[in-house]
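[1] generate a structure from the sequence data that follows.
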Amino acid sequence: RSKEKFDKSVNYKAAAVMDIPSAVSGATTQYEKEIIEGYRRELLIADLFSTEQISGNAVTFYPESSTVEGGPDVVAEGAKKPMMSFGDPTAKTVSLSKIASYMKETEELVEDTPWLATAINGRGMYEHQLKVEDFLVAQLMGTSGVQTQTGLGADEIFKAATAVKTQTKLPADAVVINPADYQTLRLAKDENGQYYGGGYFYGQYGNGGIIEQPSIWGLRTVVSAAVPAGEAIVGAFRLGAEVLKKGGVTVDIANQNEDDFIKNLITILIEERIALAVRRPDAFVILSADSES
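    Purely as a prediction, here's the structure:
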């Protein structure tokens, strides 16, 4: 078979490969108008306490003294009755603290991309509530008179609940524990290799269904990083302490701050005045891991 003769006079250069021009590449991208939220810690601690609105900026209360002299006794006919007296209560004052922050946004952001502005504002409120939760835990753990106990095991948690009931006659209603310490309890096994709280498919020894986050000794169990690893709080939260507020969370928006007006900026201020009145410090037990473990 004869071969075609190669003609050097013909331009055999290949045509350029066509791809997406950079000028229109953005037009081919589909944008989802939503923010994929990062990690959000579940906010449950504030709900453990009772709440009271106050009119002033501080509250003074009088915890009952534990000092008792004398007391009732069995008395024979005609005999002198025993005398009983109580120690004087000690006044305690709790002042409101202000938790606040602000953000700046452009008016164009609010007008042109409201979905993004909503996501930013939602994150701002979450960060505020997160700080409130950390504040309440810090206030409680720093209160003088709170009971302390060593050990974070299931036995120690039960003993802490007993200590609350023995000292105050109030029933413990919750335990707040760090996720790492709750994991230790949740993964504990008996001598047969069975999980005390039930396995990952069934309850103990195949009985019943699995509970995602079973409570400890029937106490409402709040697993939260607000409590440092190696510590936990057992207490009568509802009756032993109270969150004091003056109003609620306020969100103010203005464009007259500094030079916001001439820059078309909006300032968003989030603030709240709050305090924790621990009326019965002995209604709470702070558990700390054994330093030797």
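
[2] which residue is nearest the centroid of the protein?
    Geometric centre of the chain, nearest residue: residue 43, 4.2 Å, by Cα atoms, centre = their mean.

[3] tell me what the lowest-mean-pLDDT helix or strand in the chain is packed against?
    The weakest-scoring helix or strand in the chain, judged by mean pLDDT, DSSP states H and E, is helix 107-112 (a mean of 84). Applying 3 or more Cβ pairs under 8 Å, 6 or more residues apart in numbering; DSSP states H and E, we find helix 107-112 packed against helix 114-141, strand 265-277. (Each C-beta comes from the backbone N, C-alpha and C, glycine too.)

[4] the same query, at a cut-off of 7 Å, please.
    On a contact count with 3 or more Cβ pairs under 7 Å, 6 or more residues apart in numbering; DSSP states H and E, helix 107-112 meets helix 114-141.

[5] hmm, back to that, mind checking how far the residue nearest to the centre of the chain is from residue 37?
    Between residue 43 and residue 37 the distance, using Cβ to Cβ, to the nearest Å, works out to 14 Å.

[6] got it, and residue 222?
    21 Å.

[7] do residue 166 as well
    From residue 166 over to residue 37 (counting by Cβ to Cβ), the distance is 44 Å.

[8] next: residue 153.
    Taken as Cβ to Cβ, the span from residue 153 to residue 37 is 35 Å.

[9] more neighbours: residue 222 and residue 37, which one.
    Neighbour totals were compared for residue 222 and residue 37, and residue 222 leads with 23 against 10 (other Cβ atoms under 10 Å).

[10] bridging residues for that one?
    Residue 222 forms beta bridges with residue 176, as assigned by DSSP bridges.

[11] check contacts around it.
    44, 45, 48, 174, 176 (Cβ atoms under 7 Å, 6 or more residues apart in numbering).

[12] just give me the closest of these to residue 255.
    Checking the contacts of residue 222 against residue 255 with Cβ to Cβ, the nearest one is residue 45 at 35.4 Å.

[13] that closest one against residue 227, yeah?
    No - with contact defined as Cβ atoms under 7 Å, residue 45 does not reach residue 227; the gap is 8.7 Å.

[14] overlap of the contact sets of these two?
    By the contact definition Cβ under 7 Å, 6+ apart, residue 45 and residue 227 are jointly contacted by 137, 176.

[15] so which helix or strand takes in residue 162?
    helix 154-168 (DSSP states H and E).

[16] report the mean confidence score over that helix.
    For helix 154-168, mean pLDDT is 96.

[17] and that helix, how far out from the chain's middle?
    Centroid displacement of helix 154-168 relative to its chain, using Cα atoms, centre = their mean, to the nearest Å, is 23 Å.

[18] now do the buried residues in stretch 55-74.
    residue 59 (16 or more other Cβ atoms under 10 Å).

[19] I would like the residues contacting that stretch, please.
    Stretch 55-74 has contacts (Cβ under 7 Å, 6+ apart) with 82-96, 244, 277, 279.

[20] can you show me the CA trace of that stretch as PDB?
    What follows is stretch 55-74, C-alpha atoms only, in PDB (Å, rounded to 0.1, in the frame of the first residue of the first chain):
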ATOM      1  CA  SER A  55     -34.600  45.400  90.600                       C
ATOM      2  CA  GLY A  56     -31.300  46.600  92.100                       C
ATOM      3  CA  ASN A  57     -27.700  45.900  91.200                       C
ATOM      4  CA  ALA A  58     -27.000  43.500  94.100                       C
ATOM      5  CA  VAL A  59     -28.700  41.100  96.500                       C
ATOM      6  CA  THR A  60     -28.000  40.500 100.200                       C
ATOM      7  CA  PHE A  61     -29.200  37.300 101.700                       C
ATOM      8  CA  TYR A  62     -28.700  35.600 105.000                       C
ATOM      9  CA  PRO A  63     -27.700  31.900 104.900                       C
ATOM     10  CA  GLU A  64     -28.800  30.000 107.900                       C
ATOM     11  CA  SER A  65     -26.100  29.300 110.500                       C
ATOM     12  CA  SER A  66     -25.300  25.700 111.000                       C
ATOM     13  CA  THR A  67     -24.400  26.400 114.700                       C
ATOM     14  CA  VAL A  68     -27.000  25.000 117.100                       C
ATOM     15  CA  GLU A  69     -26.600  25.000 120.900                       C
ATOM     16  CA  GLY A  70     -28.800  22.800 123.000                       C
ATOM     17  CA  GLY A  71     -31.900  21.200 121.500                       C
ATOM     18  CA  PRO A  72     -35.100  19.400 122.200                       C
ATOM     19  CA  ASP A  73     -35.000  16.400 124.500                       C
ATOM     20  CA  VAL A  74     -37.300  14.100 126.400                       C
END
